[in-house]
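Engineer: Got a predicted model here, sequence first, then my questions.
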Amino acid sequence: MKRTLGVLMSIVAAVGLASSPTFASSYPPATPTVSVSVAAPAVGSPLTLVAAGFCPGATVNFAIGPTSVGSAVANAAGSATIVVTTPALLGSVPVTATSTGACPRQAVSSLTIVQPGADIPSTGTNTYSGLRIAAISVVLGLGLVGVASFRRRSRANAQ
């Protein structure tokens, strides 16, 4: 009886250990992050928010500044994505992703919301000034050719 009970306990222990999930690979959990698709969106434009490093299956609530913009459920990799309309808050505002319950986590980032149609800073060179210099050079060159031609005719007539 003791032998049968010992064999039975060994089988139960082996099956229990073989079927239990391994949590060592997910510990410590990744630092939660929240990212935005556009760093400076205009008011009313679409914006994608992505939270990562959350517990799989957790409901992640998103907020831009004080405005709650929705929630999404984290997938098996701990990532939740939501597409929202940029609220009417101007300037630099925090973006927050928060999960509560059995797995409370929070991530904070920021973005700068701009007015629709606002001027965007110029990045690059102004080709207009280069074209202006080229046009002036062509006009001066034609003027010098005209002056040289006039002087030749004047000398030819004088002789």
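Structural biologist: Happy to help now that I have it.
Engineer: Break the protein into its domains for me.
Structural biologist: 25-113, 126-159 (automatic domain parsing).
Engineer: and the last one, how far from the chain's centre?
Structural biologist: Read that as domain 126-159. Distance of domain 126-159 from the chain centroid (CA atoms, centre = their mean, to the nearest Å) equals 54 Å.
Engineer: deepest of the domains of the chain, which one?
Structural biologist: domain 25-113 (a mean of 16; mean count of other CB atoms under 10 Å). In short, each C-beta sits where N, CA and C put it, glycine included.
Engineer: would you list every one of the strands in the chain?
Structural biologist: Remark: strands assigned in the chain by DSSP state E are 33-36, 46-52, 59-64, 67-73, 80-85, 91-99, 105-113.
Engineer: So for L142, which of those sits nearest?
Structural biologist: Comparing these against L142 with CB to CB, the closest turns out to be strand 105-113 (50.3 Å).
Engineer: Can you tell me what sits against the closest one?
Structural biologist: Contact with strand 105-113 is made by 29, 31-36, 38-43, 47, 51-55, 58, 64, 86-87, 89-99, as judged by CB atoms under 8 Å, 6 or more residues apart in numbering.
Engineer: now that strand, how far from the chain's geometric center?
Structural biologist: 11 Å.
Engineer: That one pairs with which strands, and in what direction?
Structural biologist: Using DSSP bridges, the strands paired with strand 105-113 are strand 91-99 (antiparallel).
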